[in-house]
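Visitor: curious how this folds, go ahead:
(2 chains)
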Amino acid sequence: MIFMAVRNILFPVLLTLTLCILLASGARAVQPDEVLQDPLLEARARAISEGLRCLVCQNQSIDDSEAPLAKDLRLLVRERLKQGDSDQQVVDFIVARYGEFVLLKPKFTPHTVLLWLATPAVFAAALLLIWLTYRRRQSAAQASPKLSVNEKRRLRRLLDQS
Amino acid sequence: MIAETGHYALILALGVAIVQTLLPLLGARFRDPQLAAVAAPAAQMQFVLVAIAFIALMTAYVTSDFSVENVWRNSHSSKPLLYKISGVWGNHEGSMILWVLILTLFGAAVATFGSNLPRQLKANVLAVQGSIGAAFLLFIITTSNPFTRLVPAQFDGQGLNPVLQDPALAFHPPFLYTGYVGFSMAFSFAVAALIEGRIDAAWARWVRPWTLAAWMCLTLGIAMGSWWAYYELGWGGFWFWDPVENASFMPWLAGTALLHSALVMEKREALKVWTILLAIITFSLSLMGTFLVRSGVLTSVHAFAVDPARGIFILAIMGVFIGGALTLFAWRAPLLQQGGLFAPISREGALVFNNLLLTTACAAVFVGTLYPLALEALTGDKISVGPPFFNLTFAPLIVPLLIAVPFGPLLAWKRGDLLAAAQRLMAAACVALAAAILLLAFSRRGPWLAPLGIGLGIWLIMGALTEITYRVKLLQSAPAEAWRRLRNLPRAAYGTALAHSGLGLAVIGIVATTAWRSEAILAMKPGETADIAGYTLAFKGVAPRQGPNYRERVALFEVTRGGEAVTELTPSKREFNVERSATTEAGIHVSWRGDLYAVLGDQLKDGAYSVRLYFNPLVRLIWLGALVMFFGGAVSLSDRRLRVGAPKRAQAKVAQAAAGK
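Guide: Predicted structure coming up:
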């Protein structure tokens, strides 16, 4: 936690700095010369880029990264789009070359079942636990014995005193 | 000599910490008041010793003593004084010292101001606190000694990473650490309660101020980090779902849940077992964050020294404390007496709902952060879990929670009336819906869900206002009477309303800037102009400038709006001489509509510069919201009911009120 402090936000930066800026000093991410003429196509390219990971800069999308590889991927995405690929075809094309590691949103496959289902499972388990606890407490409260004659007398005495 | 004094003080502190752990535990166990009484002076002494070590390290930094390896690695004589000081915690060893300093500060504060604590509880709490201190001091002394000498001493240092040389980041770590480490108090109190096998409403009353203070600092720390990322990283993002960010966000989510469940425990003696567990979980998440970041298991940690010895040591600390606390919990929790009953629709029920969603959201972040690591360790498969995953799993949990927030404070304890609360909130709902519909009608471009998001933010703010107006009976009673009620309202009520409306502000900022930001990526030559979000920017050119320890190239943009001059923006690129790296400084113009944000890129072949312009609408509300949340916490903290001797006074008041009826 110590570290997170400084590093909290620092990490993306340090990465950017160490890996990216050192490799390719330059402005961040998409360069003017990459932008496609067709605004619709460019918007699609940006949307796709945001879901693809820059492989050399950890935890950055190729849209945010200024590493040369990210630039190559951005150009590749735009090239495929210009050739008339659908968004899905572009993504599949890149996954076929670089593996599922490039996807910032992992696919639902046997080895990510737990990842996707863990949160709903935790939610369901917590709900069940709350419900069970509530029912147990409820029945325990109903089953709790009434005050005995002695206790009633003591209670009355205490109430009278106050 | 100063470095050796610091080192010596650290070793002494370790000795004191061990004494602080063992003797009070024995004292509490065998009911020996003299042994138990050792705890307080030991805690104070431990703080003094760690403070001496910290000051020694700071002296070495301020005087640029490059015979100390840590200073040589992370400082340089030409750095401004502020960054010499912040350099102390800008590295692994120094930040560990700061961590322990804050830990012992909290311990000493309990020792000094906790005179109204039952003797046995106090002894146990300080013993647990001492054991955490002992573990981390041992860690520092054996694996991360900041006082190691460098022979021969160097002429000058290697400098501090330029991105760290920033005012917001200089103060970001201390706040964040205070948050993390502050949760150790809740942990120590929880473990002490388990050791005693006894817990009551007074326990929650003692724990809540510490947790609240920690939560406030964590809120501010995270916000500072986010703000810094926004203006320093140069693309106007404010949250990245990076594992390191997540590591700080998880304790915040759990800590927020803890604040609310401790409330139920204080007021109604319910949720005892859960509150104890949550206290343990919250601090465990802080420890886990340390492990994740220090051990180098996170993919994003490659840039930092990856030292397996440190990772294994922290893993061991984590195992002992989390494992030990959970074992103790499994063993002793069934002994704790159950508290008050409540109906599902009640204030308690609302707070259970809050806890359900916050902890599940925390679990979502936890899984998303750790799953890729676990998968790679187990099967060797590498996957990435990025923002799309978190947006998909986190948002569906948080949105219902945000919708529910205004209902909570309007429900009665024990058995509430949802319909009555809904009726009271009618005005708030109408305002929020009207705003959403208006926005929907006027927005020319999507996303179409965004107006609803803004409506949600307004709903939160109006809901917080509704609670106050309801409690002072603003419309039903004479102004003088309402004024009297307004003044007599406990500060905690204002704190709640402030914190909840701060949340609303942050929601509005996040939604607006995410949905409606404009962006232009251009190649501009001096003399050209560009238009964005109603502003016209005239690019005047780029000139070199010399800073204290860097050179920069500064661009000048004259900004006009509707023909009238607004401001000049001067984004720059800085080259740091010593560290041989560069940073991008954005030029930002702040207005009530949002931020105009300009970034200077490289010079292109034809003499033009690549320029990125953004307009981020209402983005300041994100950090303003966090500030309001912090302030709300402070107002609540100043409530006299949370202060010393309060339980008795509050009880007397209740007795009076009962007699009056």
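Visitor: okay, and the residue lying closest to B:Phe631 once chain neighbours are set aside sits in which element?
Guide: Spatial nearest neighbour of B:Phe631, excluding adjacent residues (CB to CB, 6 or more residues apart in numbering or on different chains): B:Leu498 at 5.9 Å. For every residue, glycine as well, the C-beta is placed using N, CA and C. Secondary structure assignment for B:Leu498, by DSSP states H and E: helix B:491-516.
Visitor: quick check on the residue most central in space within chain A: phi, psi?
Guide: In chain A, the centroid-proximal residue (CA atoms, centre = their mean) is A:Lys105; its distance is 8.1 Å. Dihedral angles phi and psi of A:Lys105 (degrees, to the nearest 10) take the values phi -110, psi 100.
Visitor: for it, give me its contacts.
Guide: A:51, B:386, B:388-389, B:392 (CB atoms under 8 Å, 6 or more residues apart in numbering or on different chains).
Visitor: swap the cut-off to 7 Å and go again
Guide: Contacts for A:Lys105 were tallied using CB atoms under 7 Å, 6 or more residues apart in numbering or on different chains; they are A:51, B:386, B:388-389.
Visitor: quick check, the residue nearest to B:Phe631 in contact with B:Gly633.
Guide: No: using CB atoms under 7 Å, B:Leu498 makes no contact with B:Gly633, being 8.3 Å away.
Visitor: tell me how many other residues crowd residue 109.
Guide: Using chain A here. 12 (other CB atoms under 10 Å in any protein chain shown).
Visitor: meant chain B actually
Guide: 16.
Visitor: pLDDT score for it?
Guide: Model confidence at B:Ala109, expressed as pLDDT, equals 93.
Visitor: the residue nearest to B:Pro167 when sequence neighbours are not counted: which element?
Guide: The spatial neighbour of B:Pro167 that comes closest, neighbours along the chain excluded (CB to CB, 6+ apart), is B:Leu82 at 7.0 Å. B:Leu82 is part of helix B:81-86 when elements are defined by DSSP H and E.
Visitor: which residues touch that helix?
Guide: So helix B:81-86 is contacted by B:58, B:61-62, B:75, B:160, B:165, B:167, B:170 (CB under 7 Å, 6+ apart).
Visitor: mind showing which ranges of chain A have poor pLDDT?
Guide: Along chain A, segments meeting pLDDT under 70 span A:1-29, A:58, A:144-146, A:162.
Visitor: how is chain A partitioned into domains?
Guide: A:2-105, A:111-161 (automatic domain parsing).
Visitor: just those domains: most buried one?
Guide: Highest mean neighbour count of the domains of chain A: domain A:2-105, a mean of 20 (counted as mean count of other CB atoms under 10 Å in any protein chain shown).
Visitor: quick check, B:Leu486 in contact with B:Leu474.
Guide: No: in this structure, B:Leu486 is not within contact of B:Leu474 by CB under 7 Å, at 8.2 Å.
Visitor: if we can go back for a sec, can you tell me which of the contacts of helix B:81-86 are buried?
Guide: B:58, B:61-62, B:75, B:160, B:165, B:170 (16 or more other CB atoms under 10 Å in any protein chain shown).
Visitor: tell me the two of these that are most distant?
Guide: Pairwise distances across the buried ones among the contacts of helix B:81-86 (CB to CB) peak at 17.0 Å, for the pair B:Met58 and B:Gln165.
Visitor: by contact count, what packs against the helix holding B:Leu498?
Guide: Contact analysis of helix B:491-516 by 3 or more CB pairs under 7 Å, 6 or more residues apart in numbering or on different chains; DSSP states H and E lists helix B:450-472, strand B:609-617, helix B:620-637 as its packing neighbours.
Visitor: ok, back up a step: now the contacts of A:Lys105 in JSON lines, with distance to B:Met524?
Guide: Converted to JSON lines, these look like this (distance: CB to CB, whole Å):
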{"residue": "A:Gly51", "distance to B:Met524": "29"}
{"residue": "B:Gly386", "distance to B:Met524": "32"}
{"residue": "B:Pro388", "distance to B:Met524": "33"}
{"residue": "B:Phe389", "distance to B:Met524": "37"}
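Visitor: out of those residues, which comes closest to B:Ala262?
Guide: Closest approach to B:Ala262 among the contacts of A:Lys105 (CB to CB): B:Phe389, at 31.1 Å.
Visitor: looks to me like that closest one is in a helix.
Guide: Yes: per DSSP: H, G, I helix; E, B strand; the rest coil, B:Phe389 lies within a helix segment.
Visitor: look at it and say how many residues are nearby.
Guide: Neighbours of B:Phe389 (other CB under 10 Å): 24.
Visitor: isn't it right up against B:Val367?
Guide: No: look at B:Phe389 against B:Val367 with CB under 7 Å: they stay out of range, at 9.2 Å.
Visitor: just to revisit the earlier point, of the buried ones among the contacts of helix B:81-86, which belong to strands?
Guide: Within these, no residue falls in strands by DSSP state E.
Visitor: okay, those in TSV with pLDDT next?
Guide: Shown next, in TSV, are those (pLDDT from 0 to 100):
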residue	pLDDT
B:Met58	95
B:Tyr61	93
B:Val62	93
B:Ser75	88
B:Leu160	78
B:Gln165	79
B:Ala170	83
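Visitor: pull up the distance across stretch B:584-593, start to finish.
Guide: One end of stretch B:584-593 to the other measures 24 Å (CA to CA, to the nearest Å).
Visitor: from chain B, how far out is A:Ser65?
Guide: A:Ser65 is 10 Å from chain B, where distance means CB to the nearest CB, to the nearest Å.
Visitor: once you drop chain neighbours, what's closest to that residue?
Guide: A:Cys54 (3.6 Å).
Visitor: got the contact list for the one you found?
Guide: Counting by CB under 7 Å, 6+ apart, A:Cys54 has contacts A:60-62, A:65, A:67, A:69-70.
Visitor: and these, which two are the farthest apart?
Guide: Greatest spatial distance in the contacts of A:Cys54: A:Ser61 and A:Leu69, 12.5 Å, computed using CB to CB.
Visitor: now the buried ones among the contacts of helix B:81-86 in CSV, with distance to chain A?
Guide: Below are the buried ones among the contacts of helix B:81-86 laid out as CSV (distance: CB to the nearest CB, whole Å):
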residue, distance to chain A
B:Met58, 16
B:Tyr61, 15
B:Val62, 19
B:Ser75, 14
B:Leu160, 10
B:Gln165, 12
B:Ala170, 10
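Visitor: out of those residues, who's nearest B:Arg198?
Guide: Nearest member of the buried ones among the contacts of helix B:81-86 to B:Arg198, counting by CB to CB, is B:Met58, at 42.4 Å.
Visitor: ok, the closest one touching B:Trp89?
Guide: No: in this structure, B:Met58 is not within contact of B:Trp89 by CB under 7 Å, at 9.6 Å.
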